[in-house]
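Student: Predicted model, plus sequence, below.
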Amino acid sequence: MDDVISRFRAVTEAADVDGLMGLLDPAAELFSPIFGSFVIRGERDIRTLFDAVYGSIKGLTWVDQVSDDRVALLRG
């Protein structure tokens, strides 16, 4: 899991949406942290969201990480 987290950190800090999409399963679903019942499904829709998010965030740096074999939490 550490390899995936390291790759996630690198691609998100670089705003590399292609790299981020390469980490996801094609059938991934993203449950909105803002709207609890809102789910974004499918590669096209998830990419659209990530393009908007990472197109507007500048200078993202992850500063802390807590993880075990199952779950990771990053703070930026």
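Tutor: Looks like it arrived, so ask away.

Student: Strands of this protein, start to end?
Tutor: Using DSSP state E, the strands of the chain run over 29-31, 39-41, 64-67, 72-75.

Student: Could you export those strands to a markdown table, including columns for mean pLDDT and mean neighbour count?
Tutor: Backbone N, C-alpha and C define where each C-beta goes, glycine included. Converted to a markdown table, the strands of the chain look like this (pLDDT from 0 to 100; neighbours: other CB atoms under 10 Å):
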| stretch | mean pLDDT | mean neighbour count |
| --- | --- | --- |
| strand 29-31 | 93 | 12 |
| strand 39-41 | 94 | 13 |
| strand 64-67 | 94 | 10 |
| strand 72-75 | 94 | 12 |
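
Student: May I see those arranged in a markdown table, with distance to Ala15 as well?
Tutor: Supplementary listing: the strands of the chain in a markdown table, determined by distance: least, CB to CB, whole Å:
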| stretch | distance to Ala15 |
| --- | --- |
| strand 29-31 | 17 |
| strand 39-41 | 19 |
| strand 64-67 | 19 |
| strand 72-75 | 15 |
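
Student: For Val11, find the nearest of those strands.
Tutor: Of all the strands of the chain, it is strand 72-75 that lies closest to Val11, at 12.5 Å by CB to CB.

Student: contacts for that closest one?
Tutor: Outside strand 72-75, the residues that touch it by CB atoms under 8 Å, 6 or more residues apart in numbering are 1, 5, 8-9, 62-67.

Student: now do 10 Å
Tutor: For strand 72-75, contacts defined as CB atoms under 10 Å, 6 or more residues apart in numbering pick out 1-2, 4-5, 8-9, 12, 62-67.
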